[in-house]
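Q: here is a sequence with its predicted model. Questions after.
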Amino acid sequence: MPADPHLDRLANATLLVPFESYDAPRWVLDGLAGGLAGVCLFHNNIADTQQVARLNARLAEAAEAPLISLDEEGGDVTRIGQRHGSGYPGNAALGAVDDADLTRTVHRSLGAQLRELGFSLNLAPSADVNTVAENPGIGTRSFGADAGLVARHTAAAVTGLQEGGVAACAKHFPGHGATHQDSHLELPVVDADRELLFERELRPFRAAVEAGVQSVLTAHIRLPELGLTGPATLAPSVVSGLLRTELGFEGTVVTDAIEMEGVSARIGMPEAAVQALIAGCDLLCLGRFVYAEQVEGIRTAITDAVAQGRLSGERLEEAARRTSRLRSWTADAPAAEAAEHVGLDSARRAV
C-alpha cells in the first residue's frame, strides 16, 4: 500500500523515542516535526546540566510542546545526577521518614529543577509496594512494603512533581513490587488474586489517579491469578479494564520500555508495540537502544496493523489524542522554583 501521511503522523504520535548522543540527530528532529510524541533521555544523552538544557531547548524548537522525558526518581535512579549522585533522596528514604508533606516538597523541588532544564515528563514516581525484599527491579525505588504508606507518598509525589511544572507518571501498573524476576530480562510473575491486587498493588495507583496524575506506566508482568498468560502491558483486561474502567483513569497510558525482554522477547518490538496499542496503551516508550531504523519498523508495523484491521483507526486516533492532551498540559503547566537544601535536609531526616 502507498504511504498514508495522516496515518504515519498518528502512529508517530504514540512514540517516545531514544537517541544515541549528546546532540539531537537529524532523524529525531525531523521525526518531531513529523509528529513524534517526544523523546526519552538516558545516561548517554546527558553530560551535565548545561549540556542537557541546550539539548532540550533544541528539541523544543523542533515541534510544539514535544514530550521531553526521563526517569528521575531521586536516590538510586537518576539521570541528571549520574556523575555525583542525586540531589534528592529516593523513595525508600522518604518512606522511612513518612512525612507526606516532605515527600511533596521534595518532588516539587525536583519537578521545578527538571522544568528549568527543559523536561516536561518525569517517568516517576514508582508506586510499587515492595513486598519482596529481594526484588531485583524495585527495592529502594519503592516507598515501602505497606500499601497505605506507599499510597499516601505516591499521591504526595505526584502532586509535588506536577506543582513543579512537569507531568508525573505513576509506575509500574498494576504493581511490580511482589516479583522475584527482572522484567528487563524475563517476564516476572505476581501471584496475587483479584482481592489481594486491589488491597495491595492497586491502592497506590488509585491514590495517584485521585491526585490527578497525568500518566501511568504499565509493567511487563504476568498475573496468572487473573488469567494472564502474557505481560500486563499487552492485556486489554488490565489496561482498558483495571486501569481505565475500574480505577477511572482518563490520562495517558505509557508502556514500560518495549525493548525489554519481558514484553518483546517472544514477539519482537514491532508486534509488541501493536499489541500494546490494541490493549489500550497510548504512548510507547521504546527503550534506550532503539534508533532510527527500528523506529521506522515499529511505525510501519502500527500502520500495517491499521490497514489489516487488527488495530482500529479509532483506537490509534484515541491514543494520539491522549498524547496530544498530555503535551498541551505540559505546555500550560505553571513553573515553580526549586527549593534550596531540601534534598539534603530530607536525607538527614531519613538517616
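A: Cool, the structure landed.
Q: neighbours around H176, how many?
A: 31 (other C-beta atoms under 10 Å). Any C-beta I mention is one placed from the backbone N, CA and C, and that applies to glycine too.
Q: before we move on, what about the one 3 residues further on?
A: By the other C-beta under 10 Å criterion, the neighbourhood of T179 contains 27 residues.
Q: what pLDDT is listed against it?
A: pLDDT, T179: 87.
Q: ok, it to R321 distance?
A: 33 Å (C-beta to C-beta, to the nearest Å).
Q: backbone dihedrals for the residue nearest in space to the middle of the chain, please?
A: Central residue of the chain (C-alpha atoms, centre = their mean): L123, 3.8 Å from the mean position. Phi and psi for L123, reported as degrees, to the nearest 10, are phi -80, psi 70.
Q: residue ranges with poor pLDDT in the protein?
A: 1-3 (pLDDT under 70).
Q: if we use 80, what do you get?
A: 1-3, 180-183, 185 (pLDDT under 80).
Q: just to revisit the earlier point, how about the contacts made by the residue nearest to the centre of the chain?
A: Neighbouring residues of L123 by C-beta atoms under 8 Å, 6 or more residues apart in numbering: C40, S69, L70, D71, E72, C169, K171, L217, V254, C285.
Q: among the residues you listed, which lie within strands?
A: If you go by DSSP state E, the contacts of L123 have C40, S69, L70, C169, K171, L217, V254, C285 in strands.
Q: show me the beta-bridge partners of the first one.
A: Spelled out, it's C40. S69 (DSSP bridges).
Q: pull the number of nearby residues for it.
A: Neighbours of C40 under the rule other C-beta under 10 Å: 24.
Q: distance of it from L117?
A: With C-beta to C-beta as the criterion, C40 and L117 are 15 Å apart.
Q: how about the second one?
A: Here the criterion is C-beta to C-beta. By it, S69 lies 12 Å from L117.
Q: which of the two has more residues huddled nearby?
A: S69 (26 against 21).
Q: thought that one was touching N45?
A: No. Using C-beta atoms under 8 Å, S69 is not in contact with N45; the gap is 11.2 Å.
Q: just say helix, strand or coil for R152.
A: What DSSP: H, G, I helix; E, B strand; the rest coil gives for R152 is helix.
Q: now it: closest residue in space that isn't a chain neighbour?
A: Spatially, and ignoring its direct neighbours in sequence, R152 is nearest to A100 (5.0 Å; C-beta to C-beta, 6 or more residues apart in numbering).
Q: burial check on that neighbour, number of neighbours?
A: By other C-beta under 10 Å, neighbour count at A100 equals 18.
Q: quick one: contacts for it?
A: Counting by C-beta under 8 Å, 6+ apart, A100 has contacts R152, H153, A155, A156.
Q: switch to 10 Å and redo it
A: L94, L149, R152, H153, T154, A155, A156, A157, T159, G160 (C-beta atoms under 10 Å, 6 or more residues apart in numbering).
Q: ok, A257 next?
A: Counted by C-beta under 10 Å, 6+ apart, A257 has contacts 16, 18, 40, 71, 123, 183-184, 217, 220, 263-264, 269, 284-290.
Q: if any of these are buried, put those into a ChimeraX selection.
A: A single ChimeraX command selects the buried members of the contacts of A257 (16 or more other C-beta atoms under 10 Å):
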select :16,18,40,71,123,183,184,217,220,263,264,269,284,285,286,287,288,290
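Q: strands along the protein, start to end?
A: With DSSP E as the criterion, the chain has strands spanning 15-17, 38-40, 67-70, 121-122, 169-173, 215-218, 252-254, 284-285.
Q: roughly how far out does the second one sit from the chain middle?
A: A distance of 11 Å separates the C-alpha centroid of strand 38-40 from that of its chain, computed with C-alpha atoms, centre = their mean, to the nearest Å.
Q: check the first one too.
A: In terms of C-alpha atoms, centre = their mean, the centre of strand 15-17 is set 11 Å apart from its chain centre.
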